[in-house]
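Trainee: Sequence and predicted structure below; questions after.
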Amino acid sequence: MANPFSIKKSLEGDLSVIALEGFLDAHTAPEFEKAIQSELDAGNYRIIVGCEKLTYISSAGLGVFMGFIEEIREKGGDIKICGLTPKVRQVFEILGFPALYDILDDVPAAVQRFAEVPTREV
Amino acid sequence: MTGDYEETHLDALIESAQLLQRALDVDELLRHLLRSVMGRFLVRRGVVAIETAGELRIAHARGAGELVSGASFDRAAVQRAGIDILLPIGQQANPIGYLGISRPAAGEVSAADQQFLDALLGIASSGIATAKAHGETTRLNEILERRVHELRTLLDLGRGFTSALDPEEVANLLALTLAGQWAVRRYAIVTWKDGTAPVEKRKGIHGLDGSALREAIAAMSAPCLTAEIEADALREQLQKEEVAAVVPIVSGETVIGVALAGERPRNLPYSETDLEFAAGLAAQAAVAFENAWHFQVTVEKEKLEKELQLAADIQRRLLPAAMPAFDGMEVVARTRPARHVGGDYYDVVPFGSEHVFCVADVSGKGIAASLLMSNFQATLRALASSGRPLAEIVARMNDLMWASTAANKYVTAIFVAIDPATGDAHYVNAGHNDGFLLRADGSVEQLKATGMSVGLLPARPYTEKEIVLAPGDLLALYSDGVTEANDPHENEFESERLIEVLRTQQRAPAAAIVESVYAAVDAFAATAPQYDDITLMVITRSGEAS
């Protein structure tokens, strides 16, 4: 694969952390979609998506966030996003995502935000 | 007026000028302007208004409760609020805004104060122009960034589509991309192309089923907003489902599906460019859907080809690898399937001191025909060694196969039991083409049907008939593929032509006779395609006719 993409899952207390690495585009978005779906299937609605090693994100990648957020917030959970590199952050900003999601500097900050704001309005 | 006083003015002016020129945000600049002037003249009431979208509006007000930010600038209202001094920002004749304050505590505004104010407002005016230009640049940059991202998205999706071989996958990529691009939580992708399984990918939009959409969107060629649709049943339903944008997926001239998108967050409107972008996505998706469907058909075809190949293999193995050799009797048989797999079968099975020579035509094609054929062969071979009479064996085969196969599955077959030593023979014809016994003298006897096709109806009677294969005689058993072979004008080869060829070749070796019949059929058929298998078994008894 020319543009490798990988997902690493871990736990931070009762929070699921999904760490993304590489290119999240139309090719790889379905993989990310499956990763989130499997968390929901397991009843985990409190998810941190770590983007420290994410080098690129396309609209299809951002679409994955949109596809689940309603269900997650209705269940009282949330997706908090952290560790955006400047290039990735720019795409989030162009498409207006900072107004819809909590975007934090790093995983500890995201954990902290979960303690303060467990969920948001859908 | 003292030098000190002027110096203080100058210092304040320089300080303010620096701040005003540095401010890249108009709002911040105005607030700073108001603050500086109110602080400088120690007034309690102040207001600053600026032209916004072609109208003077109040940007900030301090200590003048009635005046609120965003309200239209009304000179009378401003005066009523206790603003006594009103100074234009920018050109006196055509100001871009106003700064207003109540009368200073020190009384009248001195000439020096007036100069200070003029200078400050002049700087503010150029500062505002700079900030506005900067704001415009930022806005243009944002638009540009969005356009660049749209292009990137189209490219990204194009790449994603090239590897999407499954229509579901295509729908998913389209849905994810639209959802991401527009930040929508509710969307649906639905397709309805004839001859393909409908694809549906939905989030939050559960009404509006495929057939209703198909009918309503059949004439739509470009994306549009729900609000733009003429008020009708479709629009009502779309509104009920909170669908904001409708993007038809058009392949050629035909609408093959649709993408529906819900409202964007914070009531962000869909722009013309958004819809154009969606049209681009949909056009790509249409091609990707077509490719995926085409691929599915190809895969199906390949599967079918493989199945047919398998059936052909099974069938080939059912045929005897070689004909047994007899003293004074020669047997040659050949079958040629019309396409990969046919339903014809032949066999030679030991039967006491005799052998049974059989040519059969199994109904159906493909794997099913192969299984039926293999069933037929196993039954024949098992019963042939039972020592029972031929007619009884065929009757038993009929019952067994009737019980074990579907109602529309049957086999026509001719069974001829021959004692190779004497040429004494007897036969059962179960609904098959007449066998031809060509006598040495050129006369022909027909081995007509003596019972029904095998497996069609239970408990059928089968009769056995005696014949003798004398030296010089020729027995031909064949399938209807021979006599019903078509020429380009749809004439059939027919029995007469078969008998004619047999007669001219009567003295030739059996293999040459078979060869000649095939050659004659092929010459007759010429370019006409053949839809049936061609099977022929030729048995000759050597020796001179007595």
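Mentor: Looks like it arrived, so ask away. Numbering: from 1, shown residues only, chains lettered A, B, ... in the order given.
Trainee: Could you find the residue in chain A that comes nearest to chain B?
Mentor: Chain B sits closest to residue A:26 of chain A, with a gap of 2.5 Å, by Cβ to the nearest Cβ. Glycine gets a C-beta too; all of them are placed from N, C-alpha and C.
Trainee: What residues does that residue make contact with?
Mentor: A:58, A:60, B:156-157, B:159-161, B:173, B:176-177 (Cβ atoms under 8 Å, 6 or more residues apart in numbering or on different chains).
Trainee: And the furthest pair within the residues you listed?
Mentor: B:159 and B:176 (13.7 Å; Cβ to Cβ).
Trainee: Tell me the residues of chain B that contact chain A?
Mentor: For chain B, the contact set with chain A under Cβ under 8 Å from any Cβ of the partner chain comprises B:142, B:145-146, B:149, B:152-153, B:156-157, B:159-161, B:163, B:169, B:172-173, B:175-186, B:203-204, B:265-266, B:268.
Trainee: Make a ChimeraX selection of the buried ones in those residues.
Mentor: Selection of buried members from these for ChimeraX, criterion 16 or more other Cβ atoms under 10 Å in any protein chain shown:
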select /B:146,149,153,156,157,160,161,169,172,173,175,176,177,178,179,180,181,182,183,184,185,186,203,204,265
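Trainee: Narrow the residues of chain B next to chain A to those in helices?
Mentor: B:142, B:145-146, B:149, B:152-153, B:156-157, B:159-161, B:169, B:172-173, B:175-182 (DSSP state H).
Trainee: for the chain, what are the low-confidence residue spans?
Mentor: Looking at chain A here, since you left the chain open. The model of chain A has pLDDT under 70 over residues A:1-3, A:122.
Trainee: That was the other one, I meant chain B.
Mentor: B:1-9, B:339-341, B:543-546.
Trainee: ok and the residue in it nearest chain A?
Mentor: Taking Cβ to the nearest Cβ, chain B has residue B:160 as its residue nearest chain A, at 2.5 Å.
Trainee: Contacts only, for the residue nearest the centre of chain A.
Mentor: For chain A, residue A:49 is the residue whose C-alpha lies nearest the centre (Cα atoms, centre = their mean; 3.3 Å). With contact taken as Cβ under 8 Å, 6+ apart, residue A:49 is in contact with A:17-20, A:65, A:79-82.
Trainee: Next one: it from residue B:15, what distance?
Mentor: Computed as Cβ to Cβ, to the nearest Å, the residue A:49 to residue B:15 distance reads 47 Å.
Trainee: Please apply the same query to residue B:228.
Mentor: Taken as Cβ to Cβ, the span from residue B:228 to residue B:15 is 54 Å.
Trainee: Contact partners for the closest residue to the residue of chain A closest to chain B other than its chain neighbours?
Mentor: Sequence neighbours aside, residue B:160 is the residue nearest to residue A:26 in space, at 2.5 Å (criterion: Cβ to Cβ, 6 or more residues apart in numbering or on different chains). By Cβ under 8 Å, 6+ apart, the contact list for residue B:160 reads A:25-27, A:29, A:60, B:173.
Trainee: could I get those residues as CSV with distance to residue B:389 and secondary structure?
Mentor: Below are the contacts of residue B:160 laid out as CSV (distance: Cβ to Cβ, whole Å; DSSP: H, G, I helix; E, B strand; the rest coil):
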residue, distance to residue B:389, secondary structure
A:25, 77, coil
A:26, 74, coil
A:27, 72, coil
A:29, 74, helix
A:60, 76, helix
B:173, 70, helix
